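S.K.: I'll drop the sequence and a predicted model, then ask my questions.
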Amino acid sequence: MSMPVAYERQDDIAVVTVNNPPVNALSQTVRQGLLDALALAMADDKAKAVVVLGAGRTFIAGADIREFGKPPMAPRLSEVVSAYEDAPKPVIAALHGTALGGGLEFALGCHYRVAVTSAKAGLPEVHLGLIPGAGGTVRTPLLTGAAAAIDMVTTGRQVPAHEAQQTGLLDAVYDTYTPLEAGLQFARKAIDENMPVRRARDVQDKLEADRAKIAELRESRAAIEKTARGQTSPLVGLDAVLATLEMPFEEALKNERTLFEDLLKSDQSKALIHAFFSERQVGKVPELETGKPRDIAKIGVIGGGTMGSGISLAMLNAGIPVTMVERDDDALTAGRGRVEETLQGGIKRGKMTEEKMQHILSDLFSGSTDLADLADADLVIEAVFEDMDVKKDIFARLDKICKPGAVLASNTSYLDINEIAAVTSRPEDVIGLHFFSPANIMRLLEIVVADKTSPDVTATGFALAKRTGKIGVRAGVCDGFVGNRILGRYLKVAQMLVEDGASPYDVDAAVVEFGYPMGPFAMSDMAGLDIGWATRKRKATSRDPRERYSADFIDRVCELGRFGQKTGRGIYIYPDGARRGTPDDEVLAIIDKVRKEKGITARGFSHEEIIERYLAAMINEAVKILDEGIALRPLDIDMVQLAGYAFPRWRGGPMKYADMTGLDTVLASLKKFQEDDDYFWKPAELLVKLVETGQSFDSLNKG
Ligand code: 3H9
């Protein structure tokens, strides 16, 4: 095994290379290796300067996150950074790839920083519910000034090399060099010009200027609070940078360390670290051990409605040619129009260039009204409306038209993929690819593996997710798969809460307070109340008589032609096309009337109780989904909720939230609610078992 940190000398320059694949994280052996290499460089009389760089694809991408929460192991990163800062010979960090978190903090301890053009530097700790803990909030403002440091620390943004040079974070950027050449070039200059060691702590000019405008800098708090939406670390990051302006250097470092350690113990950082690893774990599914993704060079999308055009865009944006098939010319023109309109919108927002749009429309996109034009497609995604007979007819025709080996996918959000696959002679090629609207933006892709889907086809689904920047989550076949099945439960709780006494506006407020961008009623208004109304009518005859029906008030609202935002009225009213709704007394009167008719005496619900019920229902259904094997692991459910349903990331997802709340507490809530409605609230068997055996969802994640 190669050493995690290698030392060599090239003429009179010491070269220290960190080699800890895949991202050169600063694990204990790397920290110790860096100290040892520094000692060698200092003892080496022939070495006049030191260059530090990363082997492989990147400079150092940060502390080793897997070490968090475990007993600390010496040496601490801050000691390593200080040792380099105090070195008497000039030390140059040569950056490529991503210098992130502790990696950038290490570079800030070096006396000079150079980079190749494609390098990026960032302090992404905020995304893990943390702030930099090894001097990032102290040395960054000294070099860049407080405003740029606040931006980096509170957003976690990866700053491109040239911008980083402008702010003072980097000293030189080289367009054509390798990282080693860049480092050596600068080191040669440092030696030849007898450049001094320049410690960030000694750079005081920007600090002086910032001190004069500290009141103004403090004002950024309100904006940060707004975007952070309940997340603590961005505000702590701001405090830490501002403290640098007010405290002596060493004290500011100590202050940062205390803040970092407090955050490390917080539920928010546990949740965000869970989200980070889950995002990487979720793509590891059993089928990928044997399955090989098929080549996808051309895709057919059937349907040009909201979903079909969104899916087409997701593919086109990834550079994959798409043929959209619609039933007639008018529908095709409308479908193409939707694609074009979204691309135009991208140009207006500066996210798309005219040139790229032209390339997409003339080289990648084509339209047809004849399914036979999909004969050479490698993958066909059906996105027509939710009608089993229509879908079966399409798949039977595709079976005859498509070439052998083509993957046949349905974007259905709840229909049985096994039943669809059964009409073809090749059920092993059939899979569900459930996109979320708007499909070109939403990151979630449920990859629904039917009974006969082959591992190659599943692997193709995951490869497609990766290629289009989506988070693919494996799901089994059931009504609603993972996401919509859980959604159905908490929408139902929301309705029950309203029937029993809460106003829909209270329910939404509680859910927003919890961290969602909007509550269930505002969301239903946005999606269109008619959709749920139609589903309820469709399911009316198959509804279990033990199930409480609690949507009468929404049905009444729909009967008035109030379908939500699109009709200007729904549960809220939207005067003059407003996107944010205003509460409406007419709706409250309807709710009152329904309660009276049903003999329900309204009672009050605190926000805490609303959330307790909302989450308990969500978690209970999730456990059933897990037990039935519809979801592979608890983390898969968390990823569905985070990537597709706006569950606040800093709460980790419903399963992580349940673990942190305590499964016994969740079970106790369910039992309490069960006294009112045994059918709805009966605790899932697996949850009872986990509580009895003292296990957590996390223990199931680990297998
Ligand atoms: C910090 O530095 C705190 C300090 O301020 C204070 C300390 C006292 N540690 O994402 P990928 C793994 S906090 C451990 O698929 P990419 C990752 O899990 C840290 N493991 O690759 C995956 O493992 P696997 C601040 C890590 O090319 C593999 O590497 N730094 C770490 O798409 C490949 O990752 C950050 O927050 C880590 N730090 O993206 C940076 N990073 O193969 C976090 C990655 O088993 N990392 N792994 O699934 C990233 O943002 C991306 O990984 C990166 C590469 C952009 C680097």
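M.R.: Cool, got the structure.
S.K.: which is the next helix or strand following the host helix or strand of residue 141?
M.R.: For residue 141, the element it lies in under DSSP states H and E is helix 136-144. Scanning forward in sequence from helix 136-144 by DSSP H and E, the next helix or strand is helix 146-155.
S.K.: for the next helix or strand after that next one, packing partners?
M.R.: Under the assignment DSSP H and E, the closest C-terminal helix or strand after helix 146-155 is strand 158-160. In terms of contacts (3 or more Cβ pairs under 8 Å, 6 or more residues apart in numbering; DSSP states H and E), strand 158-160 is packed against strand 120-122. Any C-beta I mention is one placed from the backbone N, CA and C, and that applies to glycine too.
S.K.: and the worst-scoring helix or strand of the chain on mean pLDDT, what's buried?
M.R.: Within the chain, confidence by mean pLDDT, DSSP states H and E is lowest for helix 529-539 among all helices and strands, at a mean of 90. Going by neighbour count (16 or more other Cβ atoms under 10 Å), the buried part of helix 529-539 is 529-530, 532-533, 536.
S.K.: for that helix, enumerate the helices and strands it packs against.
M.R.: Using 3+ Cβ pairs under 8 Å, 6+ apart, helix 529-539 is in contact with helix 552-559.
S.K.: what are the buried residues along the helix it packs on?
M.R.: Quick answer for helix 552-559 (16+ other Cβ under 10 Å): 552-555, 557-558.
S.K.: ok, so of those residues, who is nearest residue 501?
M.R.: residue 553 (12.4 Å; Cβ to Cβ).
S.K.: that closest one is in contact with residue 596, isn't it?
M.R.: No: assessed by Cβ atoms under 8 Å, residue 553 is found out of contact with residue 596, at 11.6 Å.
S.K.: the least confident helix or strand of the chain vs helix 552-559, what angle?
M.R.: Between the axes of helix 529-539 and helix 552-559, defined by axes from the mean of the first three to the mean of the last three Cα atoms, to 10 degrees, the angle is 120 degrees.
S.K.: quick one: residues contacting the residue nearest the centre of the chain.
M.R.: By Cα atoms, centre = their mean, the chain has its centre lying nearest to residue 643, at 5.4 Å. Applying Cβ atoms under 8 Å, 6 or more residues apart in numbering to residue 643 gives the contacts 442-444, 471, 473.
S.K.: could you export those as CSV, including neighbour count?
M.R.: Listed next are the contacts of residue 643 as CSV, based on neighbours: other Cβ atoms under 10 Å:
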residue, neighbour count
442, 18
443, 16
444, 22
471, 21
473, 31
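S.K.: list the contacts of the helix holding residue 141.
M.R.: 101, 104-105, 108-109, 123, 125, 131-132, 148-150, 152-153, 167-169, 200-201, 203-204, 206-207, 210, 237, 240-241, 243-245, 249, 252-253, 256.
S.K.: now, those residues that are in strands?
M.R.: Filtering those for membership in strands, criterion DSSP state E, returns an empty set.
S.K.: are any of those residues buried, and if so which?
M.R.: Judged by 16+ other Cβ under 10 Å, buried ones among the contacts of helix 136-144: 101, 104-105, 108-109, 123, 125, 131-132, 148-150, 152-153, 167-169, 200-201, 206-207, 210, 237, 240-241, 243-245, 249, 252-253, 256.
S.K.: and the ligand, which of these reach it?
M.R.: Among the buried ones among the contacts of helix 136-144, the residues lying close to the ligand (Cβ under 6 Å from any ligand atom) are 101, 105, 125, 132.
S.K.: can you pull the contacts of the first one?
M.R.: Taking Cβ under 8 Å, 6+ apart as the contact definition, residue 101 lies against 61-63, 122-125, 132, 136.
S.K.: may I have the helix or strand harbouring residue 484 exported as PDB, CA atoms only?
M.R.: In this assignment (DSSP H and E), residue 484 forms part of helix 483-500. The C-alpha coordinates for helix 483-500 follow below in PDB (Å, rounded to 0.1, in the frame of the first residue of the first chain):
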ATOM      1  CA  GLY A 483     -42.900   8.500  -2.200                       C
ATOM      2  CA  ASN A 484     -46.500   8.800  -3.100                       C
ATOM      3  CA  ARG A 485     -47.600   6.000  -0.800                       C
ATOM      4  CA  ILE A 486     -46.100   7.900   2.200                       C
ATOM      5  CA  LEU A 487     -47.500  11.200   0.800                       C
ATOM      6  CA  GLY A 488     -51.000   9.700   0.800                       C
ATOM      7  CA  ARG A 489     -50.700   9.100   4.500                       C
ATOM      8  CA  TYR A 490     -49.600  12.500   5.600                       C
ATOM      9  CA  LEU A 491     -52.100  14.200   3.400                       C
ATOM     10  CA  LYS A 492     -54.700  12.100   5.100                       C
ATOM     11  CA  VAL A 493     -53.500  13.200   8.500                       C
ATOM     12  CA  ALA A 494     -53.600  16.800   7.400                       C
ATOM     13  CA  GLN A 495     -57.300  16.300   6.400                       C
ATOM     14  CA  MET A 496     -58.100  14.500   9.700                       C
ATOM     15  CA  LEU A 497     -56.500  17.300  11.700                       C
ATOM     16  CA  VAL A 498     -58.700  19.900   9.900                       C
ATOM     17  CA  GLU A 499     -61.900  17.900  10.400                       C
ATOM     18  CA  ASP A 500     -61.100  17.500  14.100                       C
END
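S.K.: that helix - contacts with which helices or strands?
M.R.: helix 504-514, helix 520-527, helix 552-559, helix 585-598, helix 607-627, helix 634-644.
S.K.: so how far is it from its chain's centroid?
M.R.: 24 Å (Cα atoms, centre = their mean, to the nearest Å).
S.K.: what's the angle from it to helix 607-627?
M.R.: Using the same axes, to 10 degrees: helix 483-500 against helix 607-627 is 150 degrees.
S.K.: next one: the residue of the stretch 251-400 of the chain found nearest the ligand from residue 622, what distance?
M.R.: Nearest residue of the stretch 251-400 of the chain to the ligand, counting by Cβ to the nearest ligand atom: residue 280, 3.9 Å away. Per Cβ to Cβ, to the nearest Å, residue 280 is found 21 Å from residue 622.
S.K.: for residue 9, give me its contacts.
M.R.: By Cβ under 8 Å, 6+ apart, residue 9 lies in contact with 15, 44, 46-47.
S.K.: now it: how far from the ligand?
M.R.: 29 Å (Cβ to the nearest ligand atom, to the nearest Å).
S.K.: need the three-state assignment for that residue.
M.R.: Three-state call for residue 9 (DSSP: H, G, I helix; E, B strand; the rest coil): strand.
S.K.: can you pull up the bridge partners for it?
M.R.: Beta-bridge pairing for residue 9 (DSSP bridges): residue 14.
S.K.: make residue 1 into 17 and carry on from there
M.R.: All right, first residue 17 from here; so that's residue 25.
S.K.: what is the burial count for the residue lying closest to residue 220 once chain neighbours are set aside?
M.R.: For residue 220, ignoring the flanking residues on the chain, the nearest one in space by Cβ to Cβ, 6 or more residues apart in numbering is residue 158 at 7.4 Å. Neighbour count of residue 158, defined by other Cβ atoms under 10 Å: 26.
S.K.: got it, and residue 544?
M.R.: 17.
S.K.: isn't it right up against residue 582?
M.R.: Yes: using Cβ under 8 Å, residue 544 is in contact with residue 582, at 6.0 Å.
S.K.: helices of the stretch 167-316 of the chain, start to end?
M.R.: All helices of the stretch 167-316 of the chain, identified by DSSP state H, counting those that start in this stretch, fall at 177-183, 195-208, 221-227, 230-234, 236-244, 249-262, 265-280, 283-297, 303-306.
S.K.: how about the CA coordinates for the last one, as PDB?
M.R.: Backbone C-alpha positions of helix 303-306 (Å, rounded to 0.1, in the frame of the first residue of the first chain) are rendered in PDB as follows:
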ATOM      1  CA  GLU A 303     -28.700  -5.500  -8.900                       C
ATOM      2  CA  LEU A 304     -25.600  -3.500  -9.600                       C
ATOM      3  CA  GLU A 305     -23.400  -6.300  -8.400                       C
ATOM      4  CA  THR A 306     -24.300  -8.400 -11.400                       C
END
